[in-house]
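K.L.:
Got a predicted structure plus its sequence, pasted below:
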Amino acid sequence: MSDPNLPCLIGTIDKNSREHVRIVLDAFKGHHLCDMRVYASHGDGGDIPTKKGLNVRVDMLDDLIASLADAKAQAVAMGWV
């Protein structure tokens, strides 16, 4: 049975003036996933999903978040942020 709460849009991050990343919780073949997909702006005001993106099992989110925190700390140490 499908979950009526899915897909669940968590947020969007602007990538550039024409693209943004949508962060969505969803399920596929019994696996709970966090989909981070690049969407391109369409001329009529809509958005089109691209092939660019990443699906991560939700049980891997802690590892992803820890790695992103490490990347931010290193960027700060390098003076990039």
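P.N.:
Now that the structure is in, tell me what you want to look at.
K.L.:
Just give me the neighbour total for residue 39.
P.N.:
Residues lying near residue 39 (other CB atoms under 10 Å) number 19. Heads up, the C-betas are built off the backbone N, CA and C, glycines and all.
K.L.:
Angles on the backbone of residue 45, please.
P.N.:
Dihedral angles of residue 45 (phi, psi; degrees, to the nearest 10) stand at phi 90, psi -10.
K.L.:
Report the separation between it and residue 18.
P.N.:
13 Å (CB to CB, to the nearest Å).
K.L.:
And the two? Which one has more around it.
P.N.:
More crowded of residue 45 and residue 18, by other CB under 10 Å: residue 18, with 10 against 6.
K.L.:
The helix or strand harbouring residue 38: which residues count as buried?
P.N.:
Taking DSSP states H and E as the criterion, residue 38 maps to strand 31-41. Residues of strand 31-41 classed as buried by neighbour count (16 or more other CB atoms under 10 Å): 33-39.
K.L.:
Take these and write them to CSV, including distance to residue 4.
P.N.:
Shown next, in CSV, are these (distance: CB to CB, whole Å):
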residue, distance to residue 4
33, 17
34, 19
35, 18
36, 23
37, 21
38, 27
39, 23
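K.L.:
Flag the shaky bits of the protein, pLDDT-wise.
P.N.:
Applying pLDDT under 70 to the chain flags the ranges 1.
K.L.:
All the helices of it, residue numbers only.
P.N.:
Taking DSSP state H as the test, the helices found in the chain are 61-77.
K.L.:
Can you pull up the most central residue in it?
P.N.:
The C-alpha lying nearest the average C-alpha coordinate of the chain belongs to residue 36 (CA atoms, centre = their mean; 2.1 Å).
K.L.:
Distance of the closest residue to it other than its chain neighbours relative to residue 72?
P.N.:
Nearest residue to residue 36 in three dimensions, chain neighbours excluded: residue 54, at 4.8 Å (CB to CB, 6 or more residues apart in numbering). Relative to residue 72, residue 54 is positioned 18 Å away (CB to CB).
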